[in-house]
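K.L.:
output the structure for:
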Amino acid sequence: MVKYCGYLVGDDWLFQRGAELGYKPPETRGDEITIMLSASRDARLQAGVYCYTKLRRVVTLQGKHFWCIVFASNDPYEHMPTSRPPEEKYKALKELLGKQGPPLWFRAS
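P.N.:
Numbering: from 1, shown residues only. As a prediction, the model looks like this:
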């Protein structure tokens, strides 16, 4: 089972970030994906974590699906670290997203 360590980001947060970047409300699924990828990229660049994070779809223990900005994975094909990063690597993103605590582990969706 593939797992990712990161911060959850909801669709609403990504669409709000997209609106702040000047995107109009999505009309198609393609528009939604474009906005979500752009919003994620912008947040990761702003936080200085772009080069060592990825955006992946995960599921919580309650069965809810979210996007997750990930720092680590147990999947060797992801070519990522296999353990949670030190705080200096995730602190800026944590603050940008308004999260509490370190990144958590989630199952791939």
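
K.L.:
which element is the residue in the chain sticking out farthest from the centre on?
P.N.:
Note on the chain: the largest C-alpha distance from the chain mean falls to E27, namely 22.7 Å (CA atoms, centre = their mean). Element membership for E27 (DSSP states H and E) is empty, with no helix or strand holding it.

K.L.:
what is the subsequent helix or strand relative to the biggest helix by length in the chain?
P.N.:
Using DSSP state H, we find that the single longest helix of the chain is helix 29-47. Moving toward the C-terminus from helix 29-47, the next helix or strand (DSSP H and E) is strand 54-59.

K.L.:
before we move on, which element is the residue nearest in space to the middle of the chain in?
P.N.:
Closest to where the C-alpha atoms of the chain average out (CA atoms, centre = their mean) is I69, at 2.0 Å. I69 is part of strand 65-73 when elements are defined by DSSP H and E.

K.L.:
quick one: secondary structure of the residue nearest to A72 when sequence neighbours are not counted?
P.N.:
Ranked by CB to CB, 6 or more residues apart in numbering and with sequence neighbours excluded, the top spatial neighbour of A72 is C5, at 4.0 Å. The C-beta positions use only the backbone N, C-alpha and C, and glycine is treated the same way. Under DSSP: H, G, I helix; E, B strand; the rest coil, the three-state class of C5 is strand.
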